[in-house]
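Enquirer: Please find the sequence and the predicted model below.
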Amino acid sequence: MTRVYDDERLAGSYERGNEMPEQSLRAWIELIASHVRVPSPSLIEIGAGTGMFSAALARWVEGARVLAVDASEAMLAEARRHHPHPGVRYASGTAEEVPAPAASFDAALLSRVIHHLPDRPRAARELTRIVRPGGKVIVRTTFRERLDAVVYDYWPALRTIDASRFPGEDEVVTAFTTAGFTVDGVTSFAQPVTASLGEYHTRLVDRPPSKFTYLTPEQFHEGLGRLEAAAEREAPDRPLPVLERYDVAVFTRARA
């Protein structure tokens, strides 16, 4: 079966459509790094996509070595092109079968990927295998209970679609605690992704988020029209930054 992320068109637009200001990206990396308090950590990103977070971790976490894993060769090709870094190795793999020995990593990042995993309990067990005792798993997502993204203001059908696709907080917590993790906590964090609605409209014209594949062309263009109209009403001298908020769940691998 063809996966949506194997689509070379989507992989190509994903990088452009998911950029964020360097200050916002750095804020995210600082938050992630605050949970990894070991020198020169060994890190893995599961579902690394086009490599933006993996390369940023290597840039801004001192001494970090990063394995960036993705199931899509199209995404990995974009990652190697846009985000090469000597501290990052890109590799093909899945959350359920990670190409790494046991107890290899001090921390694992799953950013906007947990809802794509067909077998979350199995993925959690695999993370138990590859994360060292006392190591961390950081899940960056939007739980079903808090679907509040700006995109739903213009494509309301997506909220209903995502309510059936995204797991609830309890589902994710149960999968990881059953696999041998403890919960450090679940927090919320938001950062600007564009400086204005106009910029936000420009980034979505190519339909980069995979969620848009669930809409008909007519639904997509209707929502794009609503967003364009809102951007035109925005005062040129008072643009409003567009924030994206995510839930961040942090788990610790039980010690032997």
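Expert: Perfect, I can see it now.

Enquirer: And stretch 168-176, what's buried?
Expert: Going by neighbour count (16 or more other C-beta atoms under 10 Å), the buried part of stretch 168-176 is Glu169, Val172, Val173, Ala175, Phe176. C-beta here means a position set from N, CA and C on the backbone, and glycine is covered the same way.

Enquirer: Closest one of the residues you listed to Gly47?
Expert: Comparing the buried residues of stretch 168-176 against Gly47 with C-beta to C-beta places Val172 closest, at 14.3 Å.

Enquirer: Which helix or strand contains that closest one?
Expert: Assessed by DSSP states H and E, Val172 sits inside helix 169-179.

Enquirer: Which elements pack onto that helix?
Expert: Using 3 or more C-beta pairs under 8 Å, 6 or more residues apart in numbering; DSSP states H and E as the contact criterion, the secondary-structure elements in contact with helix 169-179 are helix 120-130, strand 131-141, strand 181-194, strand 242-253.

Enquirer: export these to CSV and tack on mean pLDDT and mean neighbour count?
Expert: Formatted as CSV, the entries for those read as follows, by pLDDT from 0 to 100; neighbours: other C-beta atoms under 10 Å:
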stretch, mean pLDDT, mean neighbour count
helix 120-130, 98, 20
strand 131-141, 98, 21
strand 181-194, 97, 15
strand 242-253, 97, 20
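
Enquirer: Turn the ones you listed into a markdown table, columns for distance to Ala79.
Expert: Formatted as a markdown table, the entries for those read as follows, by distance: least, C-beta to C-beta, whole Å:
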| stretch | distance to Ala79 |
| --- | --- |
| helix 120-130 | 20 |
| strand 131-141 | 17 |
| strand 181-194 | 19 |
| strand 242-253 | 21 |
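
Enquirer: now for those, which one comes closest to Ser54?
Expert: strand 131-141 (13.0 Å).

Enquirer: Partner strands of that closest one and their direction?
Expert: Take DSSP bridges as the rule and strand 131-141 pairs in its sheet with strand 105-111 (parallel), strand 242-253 (antiparallel).

Enquirer: Could you list the low-pLDDT ranges of the stretch 51-200 of the chain?
Expert: For the stretch 51-200 of the chain, no stretch is flagged by pLDDT under 70.

Enquirer: by how many degrees do the helix holding Val172 and strand 105-111 diverge?
Expert: For helix 169-179 against strand 105-111, the angle between stretch directions is 160 degrees (axes from the mean of the first three to the mean of the last three C-alpha atoms, to 10 degrees).

Enquirer: Distance from helix 169-179 to the middle of the chain?
Expert: The chain centroid and the centroid of helix 169-179 are separated by 18 Å, computed with C-alpha atoms, centre = their mean, to the nearest Å.

Enquirer: sec struct for the most far-flung residue of the chain relative to its centre, please.
Expert: The outermost residue of the chain relative to its centre, with distances by C-alpha atoms, centre = their mean, is Asp237 at 32.0 Å. Secondary structure assignment for Asp237 (DSSP: H, G, I helix; E, B strand; the rest coil): coil.

Enquirer: Kindly report the same for Ser40.
Expert: Under three-state DSSP, the three-state class of Ser40 is coil.

Enquirer: got a list of what it touches?
Expert: For Ser40, the residues meeting the contact criterion (C-beta atoms under 8 Å, 6 or more residues apart in numbering) are Glu62, Gly63, Ala64, Arg65.

Enquirer: are any of these buried, and which?
Expert: The neighbour count (16+ other C-beta under 10 Å) marks Ala64, Arg65 as buried among these.

Enquirer: Just the closest of the contacts of Ser40 to Tyr90, please.
Expert: Nearest to Tyr90, judged by C-beta to C-beta, of the contacts of Ser40 is Arg65 at 12.9 Å.

Enquirer: partners of the closest one in the sheet?
Expert: Each beta-bridge partner of Arg65 is listed here: Ser42, as defined by DSSP bridges.

Enquirer: quick one: it from Thr178, how far?
Expert: Distance, Arg65 to Thr178, using C-beta to C-beta, to the nearest Å: 29 Å.
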